[in-house]
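Colleague: Build me a structure from this.
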Amino acid sequence: MTIEQIRQQVSRVKPLSRSQLFRYIRALKIKPLGVRQRPQQYPAATPQKITVFLGLSTDGAPSMLQLRAEKSKALKARRAA
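Modeller: So this is what the prediction gives:
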């Protein structure tokens with residue numbers, strides 16, 4: 001999938017710019033397929049990985065971002081008590 005195809009798929013759930021998309025790809029450490037290509041090709045599961053990362057997935061599984069947030073809240077609550 002190209003960057004534009006990924007952006008169109010993710011934009012159905014959450015509007016985002018190209019720069020935001022590149023930030024998410026970098027944060028998830030998603031590598032392009034093969035060597036340098038024009039246009040650059042990414043794995044077909046990239047839009048799903050990004051929506052799960054953002055916590056917008058419909059499969060019901062929490063994202064790592066949500067899990068880390070809950071852990072942080074729990075640790076703060078323990079320190080306060």
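
Colleague: residues contacting the residue nearest the centre of the chain?
Modeller: The centroid of the chain falls nearest to residue 50 when counting by CA atoms, centre = their mean (2.5 Å). Listed by CB atoms under 8 Å, 6 or more residues apart in numbering, the contact set of residue 50 reads 6, 10, 21, 24, 25, 28. C-beta here means a position set from N, CA and C on the backbone, and glycine is covered the same way.

Colleague: neighbours of residue 80, just the number please.
Modeller: 6 (other CB atoms under 10 Å).

Colleague: before we move on, the earlier item: now go through the contacts of residue 50 and say which are in helices.
Modeller: Residues of these located in helices (DSSP state H): 6, 10, 21, 24, 25.

Colleague: Save these as CSV, and put in distance to residue 39 too.
Modeller: Below are the ones in helices among the contacts of residue 50 laid out as CSV (distance: CB to CB, whole Å):
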residue, distance to residue 39
6, 11
10, 17
21, 13
24, 18
25, 14
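
Colleague: and the two most separated of those residues?
Modeller: Greatest spatial distance in the ones in helices among the contacts of residue 50: 10 and 25, 10.6 Å, computed using CB to CB.

Colleague: any idea how far the residue nearest to residue 7 when sequence neighbours are not counted lies from residue 62?
Modeller: Excluding the flanking residues, the one nearest residue 7 by CB to CB, 6 or more residues apart in numbering is residue 21, at 5.3 Å. According to CB to CB, to the nearest Å, residue 21 and residue 62 sit 22 Å apart.

Colleague: More neighbours: these two, which one.
Modeller: Neighbour count, other CB under 10 Å: between residue 21 and residue 62, residue 21 has more, with 19 against 13.

Colleague: residues contacting the more buried one?
Modeller: For residue 21, the contact set (CB under 8 Å, 6+ apart) comprises 3, 6, 7, 10, 50.

Colleague: got any ranges where this protein has weak pLDDT?
Modeller: Within the chain, the set of residues satisfying pLDDT under 70 comprises 58-60.

Colleague: Let's see that with 90 instead.
Modeller: 12-14, 34-40, 48, 51-67, 80-81 (pLDDT under 90).
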